[in-house]
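Colleague: Just the structure for this:
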Amino acid sequence: MALTTVKENEIVELMMKESGCMLEGHFELSSGVHTEIYFQCAKLLQYPKNAEYAGSKLADLISIDVDTILSPAVGGIIIGYVVARSLNLKSLFVERKEGNLSLRRGFNLKPGEKVFIIEDVITTAKSALETAAIAKSFGAEVKGFGCILDRSNGSTGLDIKSLYQVSPVIYQPDDCPLCKAGIPIEKPGSKAKVLHN
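Modeller: Below you'll find the model as predicted:
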């Protein structure tokens, strides 16, 4: 996990609280796991000053030679762009088409191009790893992973550069106490919301 100063951690936490990006309830994440806490970083990034601060601080954590910032849509687009701008690099994003991430809109990566994957939140790293696989399919070299909020608790095996780390409890769908208690579930984020018991 990334090393951040207490001051930076406190500032990021304050921005999260002020923007209302932390939600409590019963949520299904894009990876399929369930949790009681969800971070909607789009609410944090709706304020340009927050995006600029988070992007510049995240850029400071990238100390290796990189050509391109690559992010999964939708959550990673803004923070990926701001990080790329801070480093004066190209910013690309992958997006889902029929359920699969792909590089579209005429974007291209060259063999040997050094890519850094930036997301808003990493929990299981499923989207980050899918994004990395796409970069590698073009012959690009994935140099690392970064995000605003790392909630993986070290479970991914990746060296994730992040501004803030939390360890909320996650549940597999077939062993979720929130489901067993009949608490309605919400699937927030960029995909359609679904409510059910």
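Colleague: Can you give me the neighbour number for Lys17?
Modeller: The tally of other residues near Lys17 (other CB atoms under 10 Å) stands at 11. The way it works is simple: take the backbone N, C-alpha and C, and place the C-beta from them, glycine included.
Colleague: Over to Glu98?
Modeller: Count around Glu98 with other CB under 10 Å applied: 5.
Colleague: go on, Lys90?
Modeller: Lys90, neighbours per other CB under 10 Å, totals 15.
Colleague: and what of the one 10 residues further on?
Modeller: By the other CB under 10 Å criterion, the neighbourhood of Asn100 contains 10 residues.
Colleague: beta partners of it?
Modeller: Beta bridges link Asn100 to Lys97 when assigned by DSSP bridges.
Colleague: State the distance from it to Val142.
Modeller: Noted for Asn100: a distance of 18 Å to Val142, by CB to CB, to the nearest Å.
Colleague: Contacts for stretch 146-164, please.
Modeller: With contacts defined as CB atoms under 8 Å, 6 or more residues apart in numbering, stretch 146-164 is touched by 1-2, 4, 8-9, 12-13, 16, 39, 41, 44, 54, 57-58, 61-62, 79, 83, 116-125, 128, 144-145, 165-168.
Colleague: Among the residues you listed, which lie within helices?
Modeller: Counting by DSSP state H, the contacts of stretch 146-164 place 8-9, 12-13, 16, 41, 44, 54, 57-58, 79, 83, 128 in helices.
Colleague: out of these, what pair is the most spread apart?
Modeller: Based on CB to CB, the longest span within these runs between Glu13 and Ala128 and measures 22.6 Å.
Colleague: These two - which one has more neighbours?
Modeller: The neighbour comparison of Glu13 against Ala128 (other CB under 10 Å) goes to Ala128, with 26 against 14.
Colleague: The protein: strands as residue ranges?
Modeller: With DSSP state E, the ranges of strands along the chain come out as 22-28, 34-39, 68-72, 90-97, 100-102, 114-122, 141-150, 160-165, 170-171.
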